[in-house]
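**Student:** Just the structure for this:
(one chain, ligands or ions: 2)
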Amino acid sequence: VEVRLADYAPPAYLVDTVDLTFELGETATMVVSKLSVRRNPAAPDDAPLHLDGEALTLVDVTCNGAPVTPVETRDGLTITDVPATAVLEITTSLTPIANTEFSGLYVSGGNYYTQCEAQGFRRITYFPDRPDVMSRYTTTIIADKAACPVMLSNGNPGPVKDLGDGRHGITWTDPHPKPCYLFALVAGDLVSVKDSFTTRSGRHVDLAIYVRRGDEDRCAHAMQALKTSMAWDEQVFGLEYDLDVFNIAAVSDFNMGAMENKGLNVFNTKYVLARPETATDVDYQGIETVIAHEYFHNWTGNRVTCRDWFQLSLKEGLTVYRDQEFSADQSSRAVKRIGDVRGLRAAQFREDAGPLAHPVQPSAYMAIDNFYTATVYNKGAEVIRMMATIIGRQAFRRGMDLYFARHDNQAVTIDDFVQAMQDASGVDLTAFKRWYHQAGTPDVSVEDSYDAAAKRYTLTISQETKPTPGQPEKLPLVIPVAMGLLDGNGQELATRLEGEAAAKPGTRVLLATQATNRFEFVDVASPPVPSLLRDFSAPVKLSGLSPERLRFLAAHDTDPFVRWDSGQQVAASVLLDMVATFQQGRQPGVDPALFEAVGSLLDQEPAFAAEALALPGESTLADKMTVVDVDAIHTARDRARTAIGQALYDRLRATYDRLSDTGPYRIDGASIGRRSLRNGCLSYLVASGDAAAVRLAKAQFDAGQNMTDVLAALGILSGVDCPERLDALAAFYQAWRHDPLVLDKWFAIQALSPLPDTVQAVQALKAHADFDLRNPNRIRALISSFAGNQVRFHDPSGAGYRLYADTIIQLDPTNGQVAARMVSPLGQWRRYDAARQALMKQELQRILDLPNLSRNTFEMASKSLA
Ligand code: ARG
Ligand code: ZN
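**Tutor:** Ligands and ions are numbered 1, 2, ... in the order given. Coordinates of the predicted model:
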């Protein structure tokens, strides 16, 4: 049942052109596919033609006009004796209305949409559904004029023709060869918001965003993000758009975030629609990032694509790196980096530490859709970033140019990408490539010593990666450690390694390549404090600096990331000390140094201060414990927040007042930072236990300035057992019950409440008339959010696990892809106490015992239990 990288073989036949005709109907859609095929010179010349197919009704197949009888296999059709060149015509019939998996062609809100990555095209027609088969497509859509005034596909449109029978038709031509996973069709009663962009070389591009009627006034931010992305890719990478139109369609039933289909991106509405009254700053930023991400795929993914799905990070890691750089250029680079590292640690480090750990380039899978992971995406982006750090930004750009020059219109491998970087830079990256194949997060520890007489400073960096499933032995990695040395006043010391001609000012990069590396610095005038892993230069766990030095770095480092991270480490150790005291049956006090640290942030740059002000989350603290003590962590963090709120009450209140803004909502970095710090203050004020602060939060909620402030207030109130909480939740529901994306927030906020009866509340919300098990956004809002509520998901009764597994079990028959992606929180069982372990395993077993479990969910649950 496993597909293995080692078994890769080129396809027997190539498909040069694909000519598709769709006659759309909800209960019956006819698809005629005309393929011009040709034997692949790179494959053995007796191999039969295999066409993948799933959940299709075959109507007819002909080869060069003559009927053929294919062998129908479990996963498609095999046709023997196809000549060296031939035209195949395949007719299939589909039932889009019955497609609950949202893979292939499906109906949502009466309109038609497709999702083909990774393997949805085989649910539309029989085809060699693998990315190394690249073809030129023409797509004709025929549909009812009233039901489908809009008919979209990839490439450039031809004229709409009236067919005289109440139907009309259009033909789209995509001149760029592409794999079938980039095919898309959208049709229905949609409205569009239009704009245009002129590329650097003068190509006029018509831009349009297609949404359901009534959503037109929520597209401006997405459109702006698209135009900014197009200009950025020209400026930074010299990459221009290559069609006359670029269309985006938003759909509310979507398994993932968005999809980069050539010339027709399809988006989850969550990543398109925004107005200040409905979307938070986080939503606005998510839209900007995802719009950029999908647009950037046009080159990194579409023009140059993946040879096979083991190369997924070739396009995803690289494109995430590109969208991160883009977003960093739009506002504060440091704050963006802090957010990305937060996300990496929460999702990817946790994945690396659990049963589903896998390398950035996996070597086997059962269901490829399970590998759209934080490791492939986010660690993959870190690997690209490290390459850029090691070879330098200019060489990286030359490497990108070389990659496109060599591989445009090809389906290639991760090795091809690294080779281009190596050839363009002259830096040997052979050893570096181990990052792609070795799973697990390296533990990096440092020791140092200073010889005052000789003015020598020795820094020893050691690394070790713990075993992961299937990889018991680990080897050292090439780790770029960006660093500097600070003197006792926080001034940057020049760093000169023994044997180097001149001292270099500022940050430099050390390469740790062995289990232990020693670096000897000379001419170091005073005992330094090392500032390490600046800008988080490698995805590793760093240890070895004393609490005093971390406090010093938090206050003085020139690198904002290290300043933030050191502060978080200090706070984490204070909180974990409190946890230890609880575990000894004593009541801990709160270290007053914490008040000092938080207080000193209030006058700093708001966006940074907001990041630094927030205590490490409960799951972050959990990740630092061998056996997670759910309740002690919750209580310790709660008490610390209460103490901070009480100790700093007046200053927090003054900062809250100072940061208020009665002007119109603005989405620039400064405004986001201001709201974020202000809401951080509000949260501490309420944590203090003061009733006036609760009224302040309720007043902010009632003022209804914008969704960021409304939702922040609602989130704060929903953690307090008070009448204001119920009033606010009821008012929010009344105001937004007809707006799906906003209603998702209402579900999520209740699932995230730390109040003791949250499990029962979530159970009740699952039965709410507005809960819909067919809509992935709604499931994620209620059920996945709940799994992120550590103290309530891990309720000692096991009720949280049960309700979670129940949902997976209910969902799997209709949408195995989304069900499977929900399994991983249960897979964390090894990290909890024996009683919780037993309860979590029992739920995984209950899932595995189901007859007809999807292959996706089987893979995730069996690996989680192993
Ligand atoms: N390529 C898309 C993106 O990252 C993700 C689509 C994945 N969909 C899936 N069903 N596996 O932008
Ligand atoms: Zn992507």
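
**Student:** Spit out the contact partners of Arg184.
**Tutor:** One thing to correct before we go on: residue 184 is Ala, not Arg. By CB atoms under 8 Å, 6 or more residues apart in numbering, the contact list for Ala184 reads Thr114, Cys116, Leu152, Ser153, Asn154, Met259, Asn261, Lys262, Leu264, Val266. Bear in mind the C-beta positions are built from the backbone N, C-alpha and C, glycine included.

**Student:** With Gly669 instead?
**Tutor:** Gln330, Ser331, Ser332, Val335, Ala607.

**Student:** which one of those residues is nearest ligand 2?
**Tutor:** For those, the residue nearest ligand 2 by CB to the ion is Gln330; the value is 18.6 Å.

**Student:** Give the burial count for that closest one, as a bare number.
**Tutor:** With neighbours defined by other CB atoms under 10 Å, the count for Gln330 comes to 18.

**Student:** That one contacts Thr228, doesn't it?
**Tutor:** Yes: counting by CB atoms under 8 Å, Thr228 is a contact partner of Gln330 at 7.0 Å.

**Student:** The residue of the stretch 151-300 of the chain found nearest ligand 1: neighbour count?
**Tutor:** Ligand 1 sits closest to Met256 of the stretch 151-300 of the chain, with a gap of 4.4 Å, by CB to the nearest ligand atom. Neighbour count for Met256, taken as other CB under 10 Å: 17.

**Student:** give me every residue that touches Ser627.
**Tutor:** Careful, residue 627 is Val; it's not Ser. Arg831, Tyr832, Asp833.

**Student:** nope, Val18 is what I meant
**Tutor:** The contact partners of Val18, by CB under 8 Å, 6+ apart, come to Ser33, Lys34, Leu35, Phe127, Ser135, Arg136, Tyr137, Thr138, Cys180.

**Student:** A helix includes it, no?
**Tutor:** No: Val18 sits outside any helix when classified using DSSP: H, G, I helix; E, B strand; the rest coil, being strand.

**Student:** Bridging across strands, which residues link to it?
**Tutor:** Here Val18 sits in beta bridges with Leu35, Tyr137, going by DSSP bridges.

**Student:** and Leu477, which of the three is it?
**Tutor:** Classified using three-state DSSP, Leu477 is coil.

**Student:** Val444 is in contact with that one, correct?
**Tutor:** No: at 9.6 Å, Leu477 does not count as touching Val444 under the criterion of CB under 8 Å.

**Student:** Please enumerate the shared neighbours of the two.
**Tutor:** With CB under 8 Å, 6+ apart, Leu477 and Val444 have common neighbours Gln463.

**Student:** which residues in the stretch 101-250 of the chain form helices?
**Tutor:** For the stretch 101-250 of the chain, the helices defined by DSSP state H, counting those that start in this stretch cover 220-237.

**Student:** Mind naming the longest helix for the protein?
**Tutor:** helix 560-583 (DSSP state H).

**Student:** buried residues in that helix?
**Tutor:** Across helix 560-583, burial judged by 16 or more other CB atoms under 10 Å covers 560-572, 574-576, 578-579, 582.

**Student:** The residue in the stretch 701-850 of the chain that ligand 2 sits nearest to and Asn255, how far apart?
**Tutor:** Minimum separation of the stretch 701-850 of the chain from ligand 2 (CB to the ion) falls at Arg821, amounting to 15.4 Å. Arg821 sits 8 Å away from Asn255, going by CB to CB, to the nearest Å.

**Student:** Restricting to C-alpha, output stretch 450-468 in CSV.
**Tutor:** Coordinates of the C-alpha atoms in stretch 450-468 are reproduced here as CSV (Å, rounded to 0.1, in the frame of the first residue of the first chain):
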residue,chain,number,x,y,z
TYR,A,450,37.1,33.5,27.9
ASP,A,451,40.9,33.8,28.5
ALA,A,452,41.3,37.4,29.6
ALA,A,453,45.1,37.3,29.4
ALA,A,454,45.2,36.0,25.8
LYS,A,455,42.0,37.9,24.8
ARG,A,456,40.8,34.6,23.4
TYR,A,457,37.2,33.5,23.4
THR,A,458,36.3,29.8,22.7
LEU,A,459,32.7,28.9,21.6
THR,A,460,31.9,25.2,21.4
ILE,A,461,28.8,24.2,19.5
SER,A,462,27.5,20.6,19.8
GLN,A,463,24.6,19.0,18.0
GLU,A,464,22.5,15.9,18.4
THR,A,465,19.3,14.7,16.7
LYS,A,466,17.2,12.2,18.5
PRO,A,467,15.9,9.1,16.7
THR,A,468,12.6,9.4,14.8
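
**Student:** Get me the contact residues on the stretch 351-500 of the chain for ligand 1.
**Tutor:** By the rule CB under 6 Å from any ligand atom, the part of the stretch 351-500 of the chain lying against ligand 1 is Asp369, Tyr372.

**Student:** At which residues are the strands of the stretch 351-500 of the chain located?
**Tutor:** 364-365, 410-412, 443-451, 456-464, 479-486, 492-493 (DSSP state E, counting those that start in this stretch).

**Student:** Mind listing the strands the first one pairs with, and their directions?
**Tutor:** For strand 364-365, sheet partners with direction are given as strand 3-4 (antiparallel), following DSSP bridges.

**Student:** related to what we said a few turns ago, wait, which of the contacts of Val18 is closest to ligand 1?
**Tutor:** Relative to ligand 1, the closest of the contacts of Val18 is Cys180; by CB to the nearest ligand atom it sits at 13.7 Å.

**Student:** Just give the closest residue to that closest one, not the sequence neighbours.
**Tutor:** Setting aside the residues directly before and after it, Cys180 is nearest to Phe121 in space (CB to CB, 6 or more residues apart in numbering), at 3.9 Å.

**Student:** residue contacts, that neighbour?
**Tutor:** If you count contacts by CB under 8 Å, 6+ apart, Phe121 has them with Gly104, Phe127, Asp129, Cys180, Tyr181, Phe183.

**Student:** how close does the residue in the stretch 501-650 of the chain that ligand 2 sits nearest to sit to Asp443?
**Tutor:** As assessed by CB to the ion, ligand 2 sits closest to Pro539 within the stretch 501-650 of the chain, at 18.7 Å. Counting by CB to CB, the separation of Pro539 from Asp443 is 12 Å.

**Student:** which of these two has more neighbours?
**Tutor:** More neighbours surround Pro539 than the other of Pro539 and Asp443, with 25 against 14 (other CB under 10 Å).

**Student:** ok, that one - contacts?
**Tutor:** By CB under 8 Å, 6+ apart, Pro539 lies in contact with Leu344, Gln348, Phe349, Lys379, Glu382, Thr441.

**Student:** restrict those to those near ligand 2?
**Tutor:** Residues of these in contact with ligand 2 (CB under 5 Å from the ion): none.

**Student:** coming back round to it: indicate which one of the strands of the stretch 351-500 of the chain is closest to Tyr665.
**Tutor:** Nearest to Tyr665 among those is strand 479-486; the distance by CB to CB comes to 36.9 Å.

**Student:** List the contacts of that closest one.
**Tutor:** Here strand 479-486 makes contact (CB under 8 Å, 6+ apart) with 386, 389-390, 442, 444, 457, 461, 463, 492-493, 495, 506-513, 521, 524, 528-535, 537-538, 540, 552-553, 556-559.

**Student:** Any of the contacts of Val627 buried? List them.
**Tutor:** The buried subset of the contacts of Val627 - by 16+ other CB under 10 Å - is Arg831, Tyr832.
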